[in-house]
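J.: I need the structure of the sequence given here:
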Amino acid sequence: MTQHTEEFIQECITVTADGSLVSVDEAEGLYLHWRSLRTASADTTDIADITDGLDGAASDDDGPLLRALRGHGVERVDHDGVEYLEGLVLTGPVVADFFLSCDFAGAWGRPDAWELALIRDLASAS
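T.: All right, here's what the predicted structure looks like:
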């Protein structure tokens, strides 16, 4: 497991026991966004390392991020054909930046201006 994966988990993930769900796509997108903020440009190998194992691969072929999350007790589950990671919440200021800068709609739809301010405040407080 690489050090950057653990840094990402410490900065952007809170592991819970309450059954919280985050789609694999959202977690992957946040990870890519987080990495892009730390590197001026990622080479092709770096991107492959980041995304490998997050696109429905069998659990024995999971990439470094999913393996690290599993090591923290996060499980992959399928609900109505969508893959989720159960047992985590996205937290921290990078999450707010991700939602705002990536034109993110998420499972709950596109937030309005009032909700964007709340998202930034909540993410910064966590």
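
J.: Compute the distance between residue 95 and residue 12, please.
T.: 6 Å (CB to CB, to the nearest Å). (Glycine included, C-beta is placed from N, CA and C.)

J.: Can you give me every residue that contacts residue 33?
T.: For residue 33, the contacting residues are 94, 97, 98, 101, 102, by CB atoms under 8 Å, 6 or more residues apart in numbering.

J.: just residue 83 next, same as before
T.: Contacts of residue 83 (CB under 8 Å, 6+ apart): 23, 24, 25, 56, 76, 77.

J.: ok, residues contacting the helix or strand where the fifth one lies?
T.: If I follow you right, that is residue 76. For residue 76, the host element (DSSP states H and E) is strand 75-79. Outside of strand 75-79, the residues within contact range by CB under 8 Å, 6+ apart are 21, 24, 59, 66, 70, 83, 84, 85, 86, 87.

J.: go again using 6 Å as the cut-off
T.: Contact partners of strand 75-79, identified using CB atoms under 6 Å, 6 or more residues apart in numbering, comprise 84, 85, 86.

J.: Check which residues of the helix ranked longest in the chain are buried.
T.: Counting by DSSP state H, the longest helix found in the chain is helix 24-38. Burial within helix 24-38, assessed by neighbour count using 16 or more other CB atoms under 10 Å, is assigned to 24, 26, 27, 28, 29, 30, 31, 32, 33, 34, 35.

J.: and which of the residues you listed is nearest residue 17?
T.: residue 27 (17.8 Å; CB to CB).

J.: mind checking which helix or strand of this structure has the lowest mean pLDDT?
T.: Within the chain, no helix or strand scores below helix 44-51, which has a mean of 48 by mean pLDDT, DSSP states H and E.
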